[in-house]
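Chemist: Could you work out the structure for the sequence below:
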Amino acid sequence: EARIIKVSSRWAAIEDAARLRDALGYALPQGVPQAFLEPIADPLGDVVGRFARTHGPFTTGETAAALGLPVAVVAEVLARLEGRGQVEQGAFRPLGTKTEWVNREVLRRMRRRSLAKFRDELEPVEHHDLARFMLGWHGVGGGSNRIGRLHEIVTQLQGMPIPASILERDVLASRMEYRPDLLDQLMATGEVVWIGRGPLGTRDGRVALYFRDQVPLLHVPDLDDVPAGELHIRLRGHLRDRGASFFRDLYDAAGGGSPEEALIALWDLVWAGEVTNDTLAPLRAYGWGKARTRGGGRPRVPSAAPPSGSGRWYLVSSLLHDVAPTEAATARGTMLLERHGVVARSVIAGEGTPGGFTGLYPVFSAMEDIGKVRRGYFVEGLGGAQFAYPGVVDRLRLPGDDAIHVVAAADPANPYGAAVPWPETEGRPSRSAGAYVILVDGTLAVFVERGARRLISFTDDPNVMHQSAAGLRRLAARVKRLEIELINGNKAGDTALGAVLKEAGFRHSYKGLRA
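Modeler: Prediction:
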């Protein structure tokens, strides 16, 4: 008879009285205290923003229906909130067909919970899976000879201390058809620089490559062990006052006398990371090409301008300028992800990164919040907190292909002895310069000590031993001499691997088996 109407009742906290009045036009009952009747600056934004903070993803229409507002009004308010960074639009629900909105903090919580569920469901891979991934991640075995490929390699390697004696011969050459003139081009244009990262005996040392514009972000000078001899002070002062100089000028600045002593002092500054050169020529001539020692094991300098003193020398500090700590930490975290794909405490322990994994944890956590990386337990035994690019998580699980790789033990593409421990053995494998590992489908099969006289075999599988023999023949083509005396501490010819090597063409020699 149309004598009644349907109405609905809603309850609200008295603190919201003015908000509901100004935003939705509600008539307030009598008796509301004046303190709760003060006008609201942006009542619509306040009400819609609260709805977003207390709900999961929603459409404009759903918000309008819940609040009793026109769709056009809600759309305008949501656009304003998006401009303030309070909400985001997109497709968040699996079956959603319309544009959806969500509060940013709500989205962050949703991502955290989804990632936690993802981590709980993911089975970690084994060490050989990580090794197989790392070889592919670094492009080991690649055949490109483009300078663009060298750019990619430097991007992955920059900041990593690598023995100078293996940098070009083993590391760069394993990733492309490398020619020294390619790196010379990048050095000549000033695009790439090298910085010493500590001596290795008297004939080698670690160096790191950098793109020049990345040095302030990625390189941290070591100020704790600065050479402080009289010659060091004179050379440092000359370079500070005069800028880039040739060795002849540095020799004069050192006060003349023995060119050898001036050169030794200069290289002390190089390995301390204080001085570098605009070419690789002096580094190549430093010591591993020829035996150049005399009393005390010091390099022998034949003239005032020897090959290991050629080029122009300058202070590394000239490449540096102040950067924001957050910017530097983000750049270093990104560098480590580019190098390793998956990072954990053990992965970066040997890189000398300021603050270590703990210092970079906030960077990786922030990357996780925006979906750039995932956190989980991806690799068995790598540590509890691991971060990886999303695509890496899938690549870790790709099937193997029985590929054989011969890699320098100190190569960043080899995780054994760094990210993951060496397999149990009675020997003492190490990541020393001049040592090699043979990997079969990522599994560590053989460790070759520096000098190639002694091997450590990690397998008794006949098939893997035959593949290892093929790898050793490849190594024989790379090094000057491969004469194996001992395998796992026993005479090479008396071992199972030795028998396989003889089948593969190795022959008996006075000391053992020769390729």
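Chemist: By mean pLDDT, flag the weakest helix or strand of the chain.
Modeler: Lowest on mean pLDDT, DSSP states H and E among the helices and strands of the chain sits strand 293-294, with a mean of 36.
Chemist: Can you give me every residue that contacts the closest residue in space to residue 345 that isn't next to it in sequence?
Modeler: Leaving aside its sequence neighbours, residue 345 sits nearest to residue 357 (Cβ to Cβ, 6 or more residues apart in numbering; 4.1 Å). C-beta: built from backbone N, CA, C; applies to glycine. Residue 357 sits next to 343-345, 348-349, 385 when contact means Cβ atoms under 8 Å, 6 or more residues apart in numbering.
Chemist: change it to 10 Å
Modeler: By Cβ atoms under 10 Å, 6 or more residues apart in numbering, the contact set of residue 357 is 336, 343-349, 364, 383, 385, 387.
Chemist: From the residues you listed, pick the one nearest residue 373.
Modeler: residue 387 (4.8 Å; Cβ to Cβ).
Chemist: tell me the SS of the closest residue in space to that closest one that isn't next to it in sequence?
Modeler: In space, and not counting its chain neighbours, residue 387 is closest to residue 364: 4.2 Å by Cβ to Cβ, 6+ apart. Assigned with DSSP: H, G, I helix; E, B strand; the rest coil, residue 364 falls in the helix class.
Chemist: For the contacts of residue 357, give me TSV that also has secondary structure, pLDDT and distance to residue 104.
Modeler: Output for those, formatted as TSV (DSSP: H, G, I helix; E, B strand; the rest coil; pLDDT from 0 to 100; distance: Cβ to Cβ, whole Å):
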residue	secondary structure	pLDDT	distance to residue 104
336	helix	96	27
343	strand	95	26
344	coil	94	29
345	helix	92	30
346	helix	89	34
347	helix	89	31
348	helix	87	30
349	helix	84	35
364	helix	96	20
383	coil	81	30
385	coil	89	24
387	strand	95	22
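Chemist: Please spell out the ChimeraX selection for the buried subset of these.
Modeler: Command for ChimeraX that selects the buried part of the contacts of residue 357, burial taken from 16 or more other Cβ atoms under 10 Å:
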select :336,343,344,345,346,347,348,364,385,387
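Chemist: can you count the residues close to residue 354?
Modeler: 11 (other Cβ atoms under 10 Å).
Chemist: check contacts around it.
Modeler: Counted by Cβ under 10 Å, 6+ apart, residue 354 has contacts 220, 325, 328-329, 332, 360.
Chemist: Recalculate using a threshold of 8 Å.
Modeler: Per Cβ under 8 Å, 6+ apart, neighbours of residue 354: 220, 332.
Chemist: how close does the spatially closest residue to residue 100 that is not a sequence neighbour get to residue 88?
Modeler: Counting by Cβ to Cβ, 6+ apart, the nearest residue to residue 100 once its immediate chain neighbours are dropped is residue 57, at 4.4 Å. According to Cβ to Cβ, to the nearest Å, residue 57 stands 10 Å off from residue 88.
Chemist: Check residue 481 too.
Modeler: Residue 481 sits 63 Å away from residue 88, going by Cβ to Cβ.
Chemist: For the two, indicate the residue with more neighbours.
Modeler: residue 88 (17 against 10).
Chemist: close enough to count as contact, that one and residue 105?
Modeler: No. Counting by Cβ atoms under 8 Å, residue 88 sits too far from residue 105 to count as a contact (10.7 Å).
Chemist: just the strands in the stretch 301-450 of the chain please.
Modeler: Using DSSP state E, counting those that start in this stretch, the strands found in the stretch 301-450 of the chain span residues 313-315, 342-343, 374-376, 386-388, 404-408, 436-440, 443-448.
Chemist: can you list the ones you listed in a markdown table and add distance to residue 175?
Modeler: Converted to a markdown table, these look like this (distance: least, Cβ to Cβ, whole Å):
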| stretch | distance to residue 175 |
| --- | --- |
| strand 313-315 | 29 |
| strand 342-343 | 19 |
| strand 374-376 | 26 |
| strand 386-388 | 21 |
| strand 404-408 | 10 |
| strand 436-440 | 15 |
| strand 443-448 | 20 |
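Chemist: wait, which of those strands is closest to residue 285?
Modeler: strand 313-315 (13.9 Å).
Chemist: Just give the closest residue to residue 307, not the sequence neighbours.
Modeler: Residue 307 sits nearest to residue 285 (Cβ to Cβ, 6+ apart), 3.5 Å away.
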